[in-house]
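**Student:** model the following, please.
(2 chains)
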Protein chains: 2
Amino acid sequence: MEQKKSDWLTPVPKQSLSKMVVEKIKEGLISGELKPGDFLPSEAELSERFGVGKSSIREAVKMLEALGVVEICKGNGSRICSSVDASVMNPLIFQMILMSKAESKDALVEFRKMIETSASLLAIDNADEEDIERLKDIHMKTKSDFNKGWATVENDMLFHAEIYKSTHNPFVASIGNSIMEMFQPSLMISNRDYSKIVTENHDKILEALMHRDKKAMTQAVADSLDKWKELSLDESPD
Amino acid sequence: MEQKKSDWLTPVPKQSLSKMVVEKIKEGLISGELKPGDFLPSEAELSERFGVGKSSIREAVKMLEALGVVEICKGNGSRICSSVDASVMNPLIFQMILMSKAESKDALVEFRKMIETSASLLAIDNADEEDIERLKDIHMKTKSDFNKGWATVENDMLFHAEIYKSTHNPFVASIGNSIMEMFQPSLMISNRDYSKIVTENHDKILEALMHRDKKAMTQAVADSLDKWKELSLDESPD
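**Tutor:** Residues are numbered from 1 along each chain as shown, chains lettered A, B, ... in the order given. Just a heads-up that it's a prediction; the model follows:
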């Protein structure tokens, strides 16, 4: 008699136990019982408390380390990091890459527009005079580089990073920079030939910010993204 | 003679090499040379190409696995995942937790307001009749539960998740749900005594959506967050 394959009788994947441990630790962090700087209980204690083997605990701690949530202190156990590692590895970008391949590119462009518009409006509320001075400086350099016939990609990135920074909100800055990184290849394309348009767009954005004019800002961001989309989709290889 | 401690002469941390490998793979993904579903080159080949030891490659692959970017196929090497694992472990939430502890809670509340407002406005553009029907159903259940004296937390979460979903943008849904998870403990607080206010807020949000009225939506979201902030900050333990 042929034996039917019973999927539910196969061993519980080890991975899912370690993910459940990660989830438990997340709950502790959200509720505030676990705080940045706190040491985790020992492997043996966690294993007993959660009712899972030590290897699952070890794997969960490794995952948390990869996420920049836990730092392993040699000989002292593991501790919750007290700040986000300003590391090269941004988990959000990976999530966006995988999602953008599965879904359409349009959804990512729409998301960019949503974040860029709302972040620029928040900048109108929160930017101080020093922020505006810094933006003016970057913009002057962009213009002068453009007049010399130089590429403006780097200045373009700097300008937008500075807008995000001038919201004085670290969450906005983090998500804004992640989105920019995603679009860097298409910025290269759109900037190669269209530095002029970038300069004009920044003119309008800066002016809206200086006059704290939300209507003008919404329009300026929409126009600049429309132009960028036109250019980058025209020339993009895919 | 006392020997001065020379930090720069200590060994390069192994961690940073594996992070550099992760960064390389990220570049490949952003540029499109590496695509979801692709197998990574073998450990030996990666080690040679990047000029780092096999242990750093192994560690990098482990990190990517923890981030849900790579899946290890027994005997066949490692493959880039073709979709985001709808797993319990959301790296974005961890980032938000660590950042919110380092920065002020106000910044997170401000970020929530920015996302919730812009997402609700996008829902006005993108929601179809079926989305609105689903929202009406949830809202009716919320009202009926409220009249029975039952808690509305779960319905509240469902309602907001449905708003995010009705943007038809997976990035908005993902970030919206992460923010909600962060605030779940304070939702519990604000809902315990104030189910009435939640019901009233949803009334206004749903009405703005049905009339595709952006001005009313902006106002409704602002009001509902003001009330929630008042309640949750009043009662929050920290």
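**Student:** okay, now the residue in chain A that chain B sits nearest to: neighbour count?
**Tutor:** The nearest approach of chain A to chain B comes at residue A:91, 3.2 Å away (Cβ to the nearest Cβ). In this view, the C-beta of every residue, glycine as well, is placed from N, C-alpha and C. For residue A:91, the neighbour count with other Cβ atoms under 10 Å in any protein chain shown is 24.
**Student:** pretty sure it sits against residue B:96.
**Tutor:** No. Here residue A:91 does not reach residue B:96: they are 11.2 Å apart, not a contact under Cβ atoms under 8 Å.
**Student:** ok, back up a step: and the spatially closest residue to the residue of chain A closest to chain B that is not a sequence neighbour, backbone torsions?
**Tutor:** Beyond its immediate neighbours in the sequence, the residue positioned closest to residue A:91 (Cβ to Cβ, 6 or more residues apart in numbering or on different chains) is residue B:91, lying 3.2 Å away. Backbone geometry at residue B:91, expressed as degrees, to the nearest 10, gives phi -60, psi -30.
**Student:** pLDDT score for residue A:116?
**Tutor:** On the pLDDT scale, residue A:116 is placed at 95.
**Student:** what separates it from residue A:167, distance-wise?
**Tutor:** According to Cβ to Cβ, to the nearest Å, residue A:116 and residue A:167 sit 11 Å apart.
**Student:** more neighbours: the two, which one.
**Tutor:** Higher neighbour count among residue A:116 and residue A:167: residue A:167, with 26 against 22, using other Cβ under 10 Å.
**Student:** tilt between the longest helix along chain A and helix B:170-210?
**Tutor:** Taking DSSP state H as the criterion, chain A has its longest helix at helix A:170-210. If you take axes from the mean of the first three to the mean of the last three Cα atoms, to 10 degrees, helix A:170-210 sits at 60 degrees to helix B:170-210.
**Student:** just the residues contacting the helix or strand following helix A:170-210, thanks.
**Tutor:** Per DSSP states H and E, the first helix or strand lying C-terminal to helix A:170-210 is helix A:214-235. Residues outside helix A:214-235 that contact it (Cβ atoms under 8 Å, 6 or more residues apart in numbering or on different chains): A:109, A:112-113, A:116-117, A:120-121, A:124, A:183, A:186-187, A:189-190, A:193-194, A:197, A:201-202, A:204-205, A:207-209.
**Student:** what does stretch A:156-171 give?
**Tutor:** For stretch A:156-171, contacts defined as Cβ under 8 Å, 6+ apart pick out A:116, A:119-120, A:122-123, A:126-128, A:131-132, A:134-135, A:138-139, A:142, A:172-173, A:176-177, A:180, A:184, A:187, A:191, A:198, A:202, A:205, A:209, B:96, B:99, B:103, B:107-108, B:110-111, B:114.
**Student:** one more: stretch A:70-83?
**Tutor:** A:29, A:34-40, A:42, A:61, A:64-65, A:68-69, B:98-99, B:101-102.
**Student:** put the alpha carbons of the helix or strand where residue A:61 lies into PDB.
**Tutor:** In this assignment (DSSP H and E), residue A:61 forms part of helix A:54-66. Backbone C-alpha positions of helix A:54-66 (Å, rounded to 0.1, in the frame of the first residue of the first chain) are rendered in PDB as follows:
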ATOM      1  CA  LYS A  54      18.700  26.100  24.000                       C
ATOM      2  CA  SER A  55      19.400  25.800  20.300                       C
ATOM      3  CA  SER A  56      16.300  27.800  19.500                       C
ATOM      4  CA  ILE A  57      17.200  30.400  22.000                       C
ATOM      5  CA  ARG A  58      20.700  30.700  20.500                       C
ATOM      6  CA  GLU A  59      19.200  31.000  17.000                       C
ATOM      7  CA  ALA A  60      16.800  33.700  18.200                       C
ATOM      8  CA  VAL A  61      19.600  35.700  19.800                       C
ATOM      9  CA  LYS A  62      21.600  35.400  16.500                       C
ATOM     10  CA  MET A  63      18.600  36.800  14.600                       C
ATOM     11  CA  LEU A  64      18.200  39.600  17.000                       C
ATOM     12  CA  GLU A  65      21.900  40.300  16.600                       C
ATOM     13  CA  ALA A  66      21.600  40.400  12.900                       C
END
